[in-house]
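S.K.: Could you look at this predicted model? Sequence included:
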Amino acid sequence: MAATSSPDEPNLAATSWTILGMLSYEEEVSGYDIKKWADWSISYFYWSPSFSQIYSELRKLEKIGYATSRVDHDNGARSRRLYKITAAGMA
C-alpha cells in the first residue's frame, strides 16, 4: 500500500527519514552515535550525512514532535544530548 501524504505532514528530507528510521529502534542515541551508525551501515548505499546535517535534522525532528531529547550528565567531563523517537514519529 502506498503511503499518502496529508497537508499536515511535514515535508522531510531523505536524511530526516533515515535518522527517524535509526531512532525507531527505541533506544536513546546521540548525534555522534547516529553518525557512526550511518558511516557503518548506509554509506555503501546512500551518502553518509555530515555531523551538521545530522544535528540539524535531529533539531527539525524534535521541533515537529517526531523526536525528543534530553541532556545526559554521566559524571564525565562532557554531557551529551540523547534523542528518542516519539509515538508521532513512529506513526
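M.R.: Nice, thanks for sending it over.
S.K.: any idea how far L12 is from the most centrally placed residue in the chain?
M.R.: Note on the chain: the residue nearest the mean C-alpha position is I19, at 3.5 Å, using C-alpha atoms, centre = their mean. Separation of I19 from L12 (C-beta to C-beta, to the nearest Å): 9 Å. Where you see a C-beta, it was placed from the backbone N, CA and C, and this is true even at glycine.
S.K.: Unless I misread the structure, K84 falls within a helix.
M.R.: No: according to DSSP: H, G, I helix; E, B strand; the rest coil, K84 belongs to no helix; its state is strand.
S.K.: Enumerate every residue touching it.
M.R.: Going by C-beta atoms under 8 Å, 6 or more residues apart in numbering, K84 touches L23, E26, E27, E28, V29, A67, T68, S69.
S.K.: repeat that with 7 Å
M.R.: By C-beta atoms under 7 Å, 6 or more residues apart in numbering, the contact list for K84 reads L23, E28, A67, T68.
S.K.: Likewise for Q53?
M.R.: T15.
S.K.: Over to the one 5 residues further on?
M.R.: Listed by C-beta under 7 Å, 6+ apart, the contact partners of L58 are I19, G31, A67, Y83.
S.K.: could you point out which element follows the one helix or strand it maps to?
M.R.: Assigned by DSSP states H and E, L58 belongs to helix 51-63. Downstream of helix 51-63, the first helix or strand assigned by DSSP H and E is strand 67-72.
S.K.: gap between that following strand and the chain center?
M.R.: Chain-centre distance of strand 67-72: 11 Å, with C-alpha atoms, centre = their mean, to the nearest Å.
S.K.: Point out the other helices and strands that that strand packs with.
M.R.: helix 51-63, strand 80-85 (3 or more C-beta pairs under 7 Å, 6 or more residues apart in numbering; DSSP states H and E).
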